[in-house]
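Participant: Sequence and predicted structure below; questions after.
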Amino acid sequence: MDRRSLIKQAGIAGVLAAGVAPAVHAQTAVRWRLASSFPKSLDTIFGSAEMFSKTVKALSGGKFEVSVHAGGELLPPFGVVDAIQNGTIEMAQTAPYYFTGKDSIFAFGCAVPFGLTARQMDAWMEHGNGRKLMDAFYANYNIKSRSAGNTGTQMGGWYRKEIKTAADLKGLKMRMGGGLFGEAMQKLGVVAQNMPAGDVYQALEKGTLDATEFVGPYDDEKLGFNKVAPYYYYPGWWEGSAELEFFINAKAYAALSPEFQAIVDAATAVAARDMTAKYDTFNPIALKRLVAAKTQLKAFSKEIMDAGYQASMEVFAEHEAKSPEFKKIHQDMRSFQRDQLLWARYSELRFDTYMAGVKL
């Protein structure tokens with residue numbers, strides 16, 4: 001009896017029992033290391049890396065294992081791109097806009113002011129030109145990218161004082177995640193500071209920071225920001241969504257068998273979906289807890305939103321004037337966004353607006 005007939009008649013259980021294992025089990029074992037930019041305490045973001053590792057091991061029958069290391073364990077949180085580029089590690093999990101100091105284009109892999117929502121970002125990356133454009137850029141750093149999940153629209157951050165007008169932003173010392181948002185806020189007079197999330201609480205408590213933005217209710221509650229900054233603003237206009245990414249060493253990926261490459265691709269998709277679903281599940285519950293604990297929830301005024309929009313468009317124009325590649329990617333994203341906004345007007349926006357006004 002040949003292999004094909006055996007598989008047809010016995011099924012996969014019979015194949016394994018007969019010792020005719022699938023191709024993946026005949027391969028040499030592979031061991032990779034993944035360094036995250038995030039702490040283990042953030043089970044939403046860091047959990048995506050753990051889910052990836054778990055899925056790879058399961059799909060490969062233990063032949064492919066990825067050890068996962070929290071920010072600071074194996075590498076500094078902001079050292080992962082250099083480590084991928086020089087081949088120190090095979091993978092990283094991070095927020096691409098942390099690395100705009102290298103090139104402002106990194107921001108498009110994560111979030112830009114007044115950018116795409118989570119679903120729009122997913123569509124642009126996977127079926128628009130986003131992944132193709134970003135991977136062409138990332139090739140300069142020996143990187144292939146895959147989604148690690150999306151936070152959805154973020155909150156506007158925690159403030160030690162009320163922010164009623166754009167003038168109240170002047171001189172404000174604020175921790176920001178990175179990217180073009182910092183440049184836009186600097187135009188509004190904010191003193192932008194980039195630091196790991198774990199250092200922010202103490203800085204707010206001591207008054208060396210006046211404000212911070214991070215993600216949303218679930219993560220922010222874990223970090224305790226409500227205890228040192230009572231005003232919680234929304235929305236985070238600089239992050240209509242934030243795409244977290246798996247950065248993969250391109251040479252290491254190319255060295256994998258086609259089966260193992262398929263496992264990496266499948267496992268990243270599982271991890272990305274899991275992260276986004278966690279945020280949508282846990283954020284509303286955490287927000288209710290924060291409000292019950294006397295957090296003062298406030299919306300940014302239209303004046304502040306308009307000022308932020310104008311400053312952001314100035315930043316985009318400045319970067320477009322300096323970099324044809326930046327302009328190409330930005331204009332592609334905005335073209336995609338215009339179509340998405342048109343569709344949303346007739347679909348989710350109208351539906352969501354109605355549902356927000358009825359009693360369930």
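Facilitator: Nice, I can see it. Numbers count the residues shown, from 1 in each chain.
Participant: could you point out where this protein is predicted with low confidence?
Facilitator: By pLDDT under 70, the weakly predicted segments of the chain are 1-26, 178.
Participant: what about the residue positioned nearest the centre of it, distance to Q186?
Facilitator: Of all residues in the chain, the one closest to the mean position by CA atoms, centre = their mean is L244, 2.1 Å from it. Distance of L244 to Q186, given as CB to CB, to the nearest Å: 25 Å. The C-beta positions use only the backbone N, C-alpha and C, and glycine is treated the same way.
Participant: ok, which stretches of the stretch 251-360 of the chain are strands?
Facilitator: Along the stretch 251-360 of the chain, the stretches classed as strands by DSSP state E, counting those that start in this stretch are 296-299.
Participant: Now do the helices in it.
Facilitator: 258-292, 302-322, 324-346, 348-355 (DSSP state H, counting those that start in this stretch).
Participant: Tabulate these in TSV, adding columns for mean neighbour count and distance to T94.
Facilitator: Listed next are the helices of the stretch 251-360 of the chain as TSV, based on neighbours: other CB atoms under 10 Å; distance: least, CB to CB, whole Å:
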stretch	mean neighbour count	distance to T94
helix 258-292	17	13
helix 302-322	16	21
helix 324-346	15	19
helix 348-355	11	29
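Participant: can you list these in JSON lines and add distance to A166?
Facilitator: Conversion of these to JSON lines gives the following (distance: least, CB to CB, whole Å):
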{"stretch": "helix 258-292", "distance to A166": "26"}
{"stretch": "helix 302-322", "distance to A166": "4"}
{"stretch": "helix 324-346", "distance to A166": "24"}
{"stretch": "helix 348-355", "distance to A166": "26"}
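Participant: And those helices: which comes nearest Y138?
Facilitator: With CB to CB as the criterion, Y138 lies closest to helix 324-346 of the helices of the stretch 251-360 of the chain, at 11.7 Å.
Participant: pretty sure Q154 is in a helix, no?
Facilitator: No - read with DSSP: H, G, I helix; E, B strand; the rest coil, Q154 is coil and lies in no helix.
Participant: What number of residues are in the vicinity of it?
Facilitator: 25 (other CB atoms under 10 Å).
Participant: do the same with P96
Facilitator: Applying other CB under 10 Å, we find 26 residues neighbouring P96.
Participant: How about Y233?
Facilitator: Neighbouring residues of Y233 were enumerated by other CB under 10 Å; the total is 21.
Participant: Would you list the phi and psi of it?
Facilitator: When quoted as degrees, to the nearest 10, the phi and psi of Y233 stand at phi -100, psi 160.
Participant: quick one, what contacts the nearest residue to it once chain neighbours are set aside?
Facilitator: Ranked by CB to CB, 6 or more residues apart in numbering and with sequence neighbours excluded, the top spatial neighbour of Y233 is G156, at 3.7 Å. When the contact criterion is CB atoms under 8 Å, 6 or more residues apart in numbering, the partners of G156 are 213, 232-237, 300.
Participant: Surely P113 touches W238?
Facilitator: Yes - because the distance of 4.4 Å satisfies CB atoms under 8 Å, P113 is recorded as touching W238.
Participant: what is in contact with the two at once?
Facilitator: By CB under 8 Å, 6+ apart, P113 and W238 have these common neighbours: 180-181, 184, 308, 312.
Participant: Widest-spaced pair of these?
Facilitator: Every pair of those checked by CB to CB; the farthest is L180 and G308, at 11.5 Å.
Participant: Need the overlap of contacts for those two.
Facilitator: Residues touching both L180 and G308 (CB under 8 Å, 6+ apart) are 113, 238.
Participant: who's more crowded, P113 and W238?
Facilitator: Remark: of P113 and W238, W238 carries more neighbours, 27 against 24, as counted by other CB under 10 Å.
Participant: The more buried one contacts F181, doesn't it?
Facilitator: Yes - in this structure, W238 is within contact of F181 by CB under 8 Å, at 3.6 Å.
Participant: so what sits against both of these two?
Facilitator: Taking CB under 8 Å, 6+ apart as the contact criterion, the residues that touch both W238 and F181 are 111-113, 312.
Participant: In helices only, show me the residues you listed.
Facilitator: Judged by DSSP state H, the subset of those located in helices is S312.
Participant: Taking the shared contacts of W238 and F181, tell me the two that lie furthest apart.
Facilitator: Taking CB to CB, the two most distant members of those are A111 and S312; they sit 11.7 Å apart.
Participant: which residues touch the residue nearest to the centre of the chain?
Facilitator: By CB under 8 Å, 6+ apart, the contact list for L244 reads 45, 48, 93-95, 110, 147-151, 275.
Participant: change it to 7 Å
Facilitator: With CB atoms under 7 Å, 6 or more residues apart in numbering as the criterion, the residues that contact L244 are 45, 48, 93, 95, 148-149, 275.
Participant: so can I have a markdown table of the residues you listed showing secondary structure?
Facilitator: Below are these laid out as a markdown table (three-state DSSP):
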| residue | secondary structure |
| --- | --- |
| I45 | helix |
| S48 | helix |
| Q93 | strand |
| A95 | coil |
| A148 | strand |
| G149 | strand |
| M275 | helix |
